[in-house]
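Asks: would you be able to build a 3D model of this:
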Amino acid sequence: MKDTLGVLLAGGAGERLYPLTRDRAKPAVTFGGIYRIIDITLSNCINSGLRQVYILTQYKALSLNRHIREGWNIVASPLGEFIEILPPMQRVSANWYLGTADAVYQNIYSIGAEQPKYVIILSGDHIYKMNYGRMMQQHQDSGADVTIGTILIPPEETYQFGVLDIDALGRITGFEEKPKDTKTRSPFNPEMVSGSMGVYIFNTDVLIPVLLKDAEDPDSRHDFGHNILPRMVDDYKLYAFNFIDENKKEAQYWRDVGTLDAYYEANMDLVSVSPVFNLYDRDWPMRTHQRQYPPAKFVFNEAGRTGTALDSVISAGCIVSGGMVRNCVFSPDVRVNSYAEVDSSIVFSHVNIGRHCRIRKAIIDRDVHIPEGTVIGYDHEADRQRYFVTDTGITVVTRDYSLFESPVAVDYFTSE
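Replies: Next up is the predicted model:
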C-alpha cells in the first residue's frame, strides 16, 4: 500500500438508522457490543497495511471524533503514518458536502499535500473483511485508471447498488446507479449481478481532474455512483475487483447496516454458535477503543432469581443480577436487575434495566434507565405510544433529547 492514501467517507446523516443517529453519525453507532461501525473499515485498513487515512466527517461527529482520537492513535507518525479526521473546511466551496464526490473534492488540498500516487476511497458504514492490498495489486497489474470493488448480488437487489457491466477481462464497459432492473449479468457468476461495494482505487492524476470537472457542472449530483464513474467508462480504463472475503467462512459476508432491520440482523448473527461474521479471527483482528471496566458478573442463584445469560455477547462491566438474558448483545456497563427478562435485544452502554422488566426484540440506546416493571416488545401498538417501532416490530428506545451527549445532574443547570 505504499504511496496510497485512504479517504474514508464518514459524514452521512444515516437517516434510515434513525433514531440511533439522532445524536451521532452512522459510523459511530455501536456494533457487536464493543465496536463502532467505522472500526470494521479501519481494521481492514490496518490489516491491509494502509497507514495513511483521512476520515471525512460532517454530521453530528462529536462521538465519532472522540472515538477516533481515543482509540485509533495507533500508527507511527514519525514514519509518516496517520489516521486523521478532516471536518468540512469550506476551502473550495461555501457548501457542506453535497455528495460523495464533492466530499473528496472539498478536501483536494489535503490530498494534494500528501502527494499520493493512489487514492483509495472507502465507506465508513459497511461490515465486511477485505484486504485492500489484493485490490491494489490487481489495480497495478492491470494498468487501470480506476478499480471498483464489486460483490455478487441477486438481480432483484440491483435497486440498492451501482451495477457494473464487465467484460471477460474484467474491464468495466458500463455503470448504472441503482437500476430497478437490469439484464446485465456478472462474468464471475452468470446468474448474479456485479454490484459496487463503494470501494474505489483511483490514480491520483486521474482523480483530481475528474473531481475538478465535476465540481464545475451545475447539473451534477456530485456523487461517484451517479455522476463520476458512469462518465468515466468510455474515456478511462476502469476495472472490477471481485470481492475476496477475509472472513474465512463458506458464504461471503458484506453488509450495509444502513437500516434498522439490517443493523439488528447483523448484530443478532453474532450471538449464534457459529456466526457468519467472525469476530474471533486472530489473523484478521478487529480493533476498537475500550474504556476500563471490571469483568462482567452474573449473581444470585436462587429459584426464580438466577443471573443468567444464554447465547449472548456480554461486554465488560455488565452485571446480570438475578435476571435472565437470552440472544442479546450487551455493550459495556449494562445492569439487569432481579426478575427481569431480556430477549433478542441489543443494549448499548450505561443502561439500567429495572426489576421485573420484560423486554423482547428491542434496541436500547445508551444512558437509558428502564423503570421497574416496564414491558417492551410484546404490544407494538402500546410501544408506538412511547418508542420508535419499525414495520418488522423492532422497538428502539432512546433517552430524552438533551443538549449534552451524556446525562447531567439537575443542579448542573443551577447556580447559587
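
Asks: number of nearby residues for the residue nearest to Asn73 when sequence neighbours are not counted?
Replies: Once flanking residues are discounted, Asn73 sits nearest to Ile83: 7.5 Å by Cβ to Cβ, 6 or more residues apart in numbering. From N, CA and C alone the C-beta is placed, and that goes for glycine too. Per other Cβ atoms under 10 Å, the neighbour tally for Ile83 reads 23.

Asks: in this structure, which spans are helices?
Replies: 37-47, 62-71, 100-105, 108-114, 132-142, 204-215, 229-232, 260-269, 380-384 (DSSP state H).

Asks: gap between the third one and the chain center?
Replies: Looking back up the chat, that one is helix 100-105. Taking the mean of its C-alpha atoms, helix 100-105 sits 19 Å from the chain's own mean (Cα atoms, centre = their mean, to the nearest Å).

Asks: one more: the fifth one?
Replies: Distance, stretch centre to chain centre, for helix 132-142: 24 Å (Cα atoms, centre = their mean).

Asks: next one: the shortest one
Replies: The chain centre lies 26 Å from the centre of helix 229-232; the measure is Cα atoms, centre = their mean.

Asks: mind listing what's buried in it?
Replies: For helix 229-232, the neighbour count (16 or more other Cβ atoms under 10 Å) marks Leu229, Arg231, Met232 as buried.

Asks: report the central residue of this protein.
Replies: Asp125 (2.5 Å; Cα atoms, centre = their mean).

Asks: returning to that earlier point: how about the helices of the chain in a markdown table, adding distance to Glu157?
Replies: Formatted as a markdown table, these follow (distance: least, Cβ to Cβ, whole Å):
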| stretch | distance to Glu157 |
| --- | --- |
| helix 37-47 | 21 |
| helix 62-71 | 29 |
| helix 100-105 | 20 |
| helix 108-114 | 33 |
| helix 132-142 | 22 |
| helix 204-215 | 28 |
| helix 229-232 | 19 |
| helix 260-269 | 12 |
| helix 380-384 | 28 |
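
Asks: export these as JSON lines, with columns for mean pLDDT and distance to Pro332.
Replies: JSON lines is the format used below for the helices of the chain (pLDDT from 0 to 100; distance: least, Cβ to Cβ, whole Å):
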{"stretch": "helix 37-47", "mean pLDDT": "96", "distance to Pro332": "15"}
{"stretch": "helix 62-71", "mean pLDDT": "92", "distance to Pro332": "13"}
{"stretch": "helix 100-105", "mean pLDDT": "93", "distance to Pro332": "32"}
{"stretch": "helix 108-114", "mean pLDDT": "93", "distance to Pro332": "34"}
{"stretch": "helix 132-142", "mean pLDDT": "97", "distance to Pro332": "30"}
{"stretch": "helix 204-215", "mean pLDDT": "96", "distance to Pro332": "40"}
{"stretch": "helix 229-232", "mean pLDDT": "94", "distance to Pro332": "41"}
{"stretch": "helix 260-269", "mean pLDDT": "95", "distance to Pro332": "15"}
{"stretch": "helix 380-384", "mean pLDDT": "95", "distance to Pro332": "26"}
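
Asks: OK, contacts around Ser272?
Replies: Contacts of Ser272 were listed using Cβ atoms under 8 Å, 6 or more residues apart in numbering, and they are Asp311.

Asks: over to Val146?
Replies: Val146 makes contacts with Tyr200, Ile201, Phe202, Asn203, Val206, Leu229, Met232, Tyr236, Lys237, Leu238, Tyr239, as judged by Cβ under 8 Å, 6+ apart.

Asks: give me that answer again for 10 Å
Replies: 121, 139, 172, 200-203, 206-207, 210, 224, 228-229, 232-233, 236-239 (Cβ atoms under 10 Å, 6 or more residues apart in numbering).

Asks: how much space between it and Asn203?
Replies: Distance, Val146 to Asn203, using Cβ to Cβ, to the nearest Å: 7 Å.

Asks: now do Asn73
Replies: For Asn73 relative to Asn203 (Cβ to Cβ), the value is 30 Å.

Asks: same deal with Ser274?
Replies: Taking Cβ to Cβ, one finds Ser274 at 41 Å from Asn203.

Asks: okay, the two: which has more neighbours?
Replies: Just comparing Ser274 and Asn203: by other Cβ under 10 Å the higher neighbour count belongs to Asn203, 20 against 7.

Asks: quick check: the more buried one vs Met136, distance?
Replies: 11 Å.

Asks: next: Glu250.
Replies: Applying Cβ to Cβ, the value for Glu250 to Met136 is 26 Å.

Asks: how about Arg305?
Replies: 57 Å.

Asks: looking at these two now, which is surrounded by more residues?
Replies: Taking other Cβ under 10 Å, Arg305 and Met136 do not tie; Met136 has more neighbours (22 against 15).

Asks: okay, now the unreliable bits of this structure?
Replies: 94, 401-416 (pLDDT under 70).

Asks: just give me how far stretch 147-160 sits from the chain centre.
Replies: 18 Å.
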